[in-house]
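# return atomic coordinates for the entry below.
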Amino acid sequence: MDLHQWLQQAAEAFNMQLAIISDIDDNRYVVVEAYSSLDLVKAGDEFAVDMTYCANVVNLGKIVAYEQVGAMTKMCLHPCYQAMHLESYIGIPLVVKNKIIGTLNFSSLEPRTVPFEKQDIQMMEFFASQYLEYREAEPSHELPKC
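Numbers count the residues shown, from 1 in each chain. Purely as a prediction, here's the structure:
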């Protein structure tokens, strides 16, 4: 299974419309691969990190999740919300040798009707570890089904 297909399956597991793997260097956020049923983002797109919800993931160094951004006083003014109106979001830092190299994140235009729970956090950790193993493996290595 290639990276795009893997992202699609992972997005479906979270019932999200958008899945992104990013590389982050300083304030530069580069989309490595994306799956989107919305055509909002594609591989190769670049943004300033602080224009993305992933800025909070990088700043905190941990998983960040929002069920309904538009209902959050501080977040509804976020540049990403203003530009794309992404309501629900969950993202995890991708860490190699104690350095955040990027993020894996899922988002949707629809608010999440149930809060993110422990199993969602565990699934994010699992997906991040799968991706990092894939990234470090030989080029012919394929990702397993989600």
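
# show me what contacts residue 62?
Shown in contact with residue 62 (CB atoms under 8 Å, 6 or more residues apart in numbering): 92, 93. Yep, even glycine has a C-beta here, placed from its N, CA and C like the rest.

# okay, buried residues for the lowest-mean-pLDDT helix or strand in the chain please.
Of all helical and strand segments in the chain, the minimum by mean pLDDT, DSSP states H and E falls on helix 79-84, at a mean of 90. Across helix 79-84, burial judged by 16 or more other CB atoms under 10 Å covers 80, 81, 84.

# try stretch 31-49
By neighbour count with 16+ other CB under 10 Å, stretch 31-49 contains the buried residues 31, 32, 33, 34, 35, 36, 40, 41, 47, 49.

# still on that earlier bit, the buried residues of helix 79-84 into JSON lines, with extra columns for distance to residue 133?
Formatted as JSON lines, these follow (distance: CB to CB, whole Å):
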{"residue": "80", "distance to residue 133": "29"}
{"residue": "81", "distance to residue 133": "33"}
{"residue": "84", "distance to residue 133": "30"}
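
# give me the neighbour count for residue 4.
The tally of other residues near residue 4 (other CB atoms under 10 Å) stands at 13.

# whoops, residue 131 was the one
Residue 131: 22 neighbours (other CB under 10 Å).
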